[in-house]
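>>> give me a 3D structure for the following:
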Amino acid sequence: MTSDTMSDTKDPYVGRDYGRHDHVITPDLVRAYSEAVDDFNPIYTGASPFGGPVAPALLFHSEVYSFREHPKAQPSWYLPNLYGNLHARQEWDLFRPMMVGEAIHTRSFIADRYIKRGRDYVVNEVLFFDAEDRVAARQRTHQSFLRETTNEGTVIDKSREKSSERRFEVDISGAIEELSPVRKEITLDMCWKFSGPHRNYHNDKEFAQKLGFPDIVVQGMMSTCFLSEMLTNRFGGGWIAGGKMSVNLVNIVWQSDRLVCRGFVREIVPEGERQRAHLDVWVEKDDGTRVTIGTASALV
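Numbering: from 1, shown residues only. Next comes the predicted model:
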């Protein structure tokens, strides 16, 4: 991480830069991703629309959280009050495929700050570049923090999602295609593989309780990866290089929840020499509680 020469403050002000990371996309990295989310699409290890093995679109799903002073520290761009903090919204723009064996680098900065319903939101944007400095992808993560807290009691319990205020509907009238759903059951092993290797509220119940939650809070990025699997299954290269996603994380996924990812194509419109499919997408629990909801699009 590089130091910011504009100010000595630790406040994540809009425009603050958190430096660069360099990566090589190895088969082991791809294998670890596949095992964490149970997504073994053959294009990750064999032939793909781009020739050889291509990385999963969201291989670096948690790159935004890797900008920290040391592995066990909170991300450097977080606000000090961690009690009850939640991942609230996620955006992805996928511009170019990232191939297995390729070197890439990333850069993180604060793109926005805002206040909403008693929470302070910090928006961190990560740009992904290939070896020729072409932008391969963009990730925008909205993380919310309580503005006031006593660090006591439960911030959100499991009954909240049952209230009528937490029910989110999708109007699918007029949809022209339903995507094949993707079903997942969240195991503790998945939580450790996805959110490890250190203890945190995404893989350890005791840790979660210390931050105001009754049980393990499954990392919000996991549901976006499930949606990416569904979109890859349907659109292949048109999702991996050309896909967009913007979703709200509206209810908490708890460890042991069973989920279904769904998507409906609303329209297909021209885009240059190709076409773009626009979709409503969401992730819901067995009882119909929607946990992640928003829109996506892919080239066809």
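>>> please make it C-alpha for all contacts and neighbour counts, starting now.
Will do.
>>> residue nearest the centroid of the chain?
For the chain, the residue nearest the mean C-alpha position is M221 (3.1 Å; Cα atoms, centre = their mean).
>>> my guess is it contacts E63, does it?
No - at 10.6 Å, M221 and E63 do not qualify as touching, with contact defined as Cα atoms under 8 Å.
>>> got the buried residues for stretch 260-278?
Within stretch 260-278, the residues scored as buried using 16 or more other Cα atoms under 10 Å are 260-266, 268, 276-278.
>>> distance from the chain centre to it, please.
For stretch 260-278, the separation from the chain centroid amounts to 21 Å (computed by Cα atoms, centre = their mean, to the nearest Å).
>>> repeat that for stretch 201-211.
Stretch 201-211 has its average C-alpha position 20 Å from the chain's average C-alpha position, going by Cα atoms, centre = their mean.
>>> thinking again about what came up before, which of the buried residues of stretch 260-278 fall within strands?
Secondary structure defined by DSSP state E assigns 260-266, 268, 276-278 of the buried residues of stretch 260-278 to strands.
>>> now the nearest residue to K193 once chain neighbours are set aside, what's its secondary structure?
Of all residues beyond its chain neighbours, the one nearest K193 is A36 (5.0 Å), with distances taken as Cα to Cα, 6 or more residues apart in numbering. Following DSSP: H, G, I helix; E, B strand; the rest coil, we place A36 in the helix state.
>>> how many neighbours does A36 have?
Burial of A36 is recorded as 18 neighbouring residues (other Cα atoms under 10 Å).
>>> quick one: contacts for it?
In this structure, A36 makes contact with 189-191, 193-194, judged by Cα atoms under 8 Å, 6 or more residues apart in numbering.
>>> make JSON lines from those residues and add distance to V250 to it.
Written out in JSON lines, the entries for those read as follows (distance: Cα to Cα, whole Å):
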{"residue": "D189", "distance to V250": "24"}
{"residue": "M190", "distance to V250": "21"}
{"residue": "C191", "distance to V250": "19"}
{"residue": "K193", "distance to V250": "24"}
{"residue": "F194", "distance to V250": "20"}
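>>> fine by me, we can end here.
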